[in-house]
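A.B. asks: requesting a structural model of the entry that follows:
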Amino acid sequence: MPISGVLEQLLNYWHELPRNHGANIPARHALNLAELHELLPRISLLKRVDRFDVQVSMIGTSAPALWHNPVTGFNAFDLTSPDLYENTAKLYDAVLEQPSGAHMLEKVYRHKGRDADIASLYLPLADRDGAPIYIIGCSVYRKRPAYGRINDRLIPDHQKVSSIEFIDLGYGKPTVSFEKPARRPRPEPELRWWDRFMPSKPRPTKGTWMDA
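C.D. replies: Numbers count the residues shown, from 1 in each chain. Predicted structure coming up:
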């Protein structure tokens, strides 16, 4: 799977980040938001607290204090089906412990049943003590949907992963055996908040004052 566009920009940026005292991976505090301005709307920061507790925050926020306080957000496993917990944990383990990059392709279900193909890149980062506990992630539509906005904030929910390819960051590629998850019903996209104010079917009789 060739990496191009925004994901390639992030990979090149990661390689150029400084390492403290010959560390394998750069530290989170080495990130420079000013240099990431074009990527910010699509980037998330993950912090592994425990194997099944990976906290997610969006980098492109209006709160610069995010970088000076403990990362808070929601658990990435809240967006993961229970039968995919182990596979997801293995993915994060491989990125942080090898260390390596991960390039993922997946399909997500959008409103009105439309599918979207998303490509994601995950790269490891260390804390100030050198512990590999952070992952910087970037997700983009492989083909932008109609009316897509530049500030779309993509957080894939791993509904249907089509492929995962690990990237050698100079320390080899991990060997990971993912479990084959059981088939499950196609998820129903969540309604938009304003849908609750729209009239429901059946429509009023033609010619009445309520008919528009």
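A.B. asks: which residues are in contact with C138?
C.D. replies: V6, L7, L10, L39, R42, I43, S44, S120, L121 (C-beta atoms under 8 Å, 6 or more residues apart in numbering). C-beta coordinates here come from the backbone N, C-alpha and C atoms, glycine included.
A.B. asks: quick one: pLDDT of the fifth one?
C.D. replies: The one in question is R42. We note a pLDDT of 78 for R42 in this prediction.
A.B. asks: likewise the last one?
C.D. replies: With respect to pLDDT, L121 has a value of 94.
A.B. asks: helix or strand right after the helix or strand it falls within?
C.D. replies: Using DSSP states H and E, L121 sits within strand 115-126. Per DSSP H and E, the first helix or strand lying C-terminal to strand 115-126 is strand 132-141.
A.B. asks: circling back: in TSV, list the contacts of C138 along with neighbour count.
C.D. replies: Below are the contacts of C138 laid out as TSV (neighbours: other C-beta atoms under 10 Å):
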residue	neighbour count
V6	18
L7	22
L10	23
L39	19
R42	25
I43	21
S44	22
S120	22
L121	24
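A.B. asks: next step: the residues you listed restricted to helices.
C.D. replies: Members of the contacts of C138 lying in helices (criterion: DSSP state H): V6, L7, L10.
A.B. asks: D127: what's its closest spatial neighbour, skipping adjacent residues?
C.D. replies: Distances taken as C-beta to C-beta, 6 or more residues apart in numbering place I133 nearest to D127, at 5.5 Å, with adjacent residues excluded.
A.B. asks: likewise P99?
C.D. replies: P99 sits nearest to P124 (C-beta to C-beta, 6+ apart), 4.2 Å away.
A.B. asks: same thing with D115?
C.D. replies: Closest to D115 by C-beta to C-beta, 6+ apart is K107, at 5.4 Å.
A.B. asks: run through the bridge partners of the one you found.
C.D. replies: Under DSSP bridges, the beta-bridge partners of K107 are D117, K160.
A.B. asks: for P132, same thing?
C.D. replies: Counting by DSSP bridges, the residues bridging with P132 are A126.
A.B. asks: that one and L96 touch, don't they?
C.D. replies: Yes - the pair P132 / L96 is scored as a contact, 4.3 Å apart, by C-beta atoms under 8 Å.
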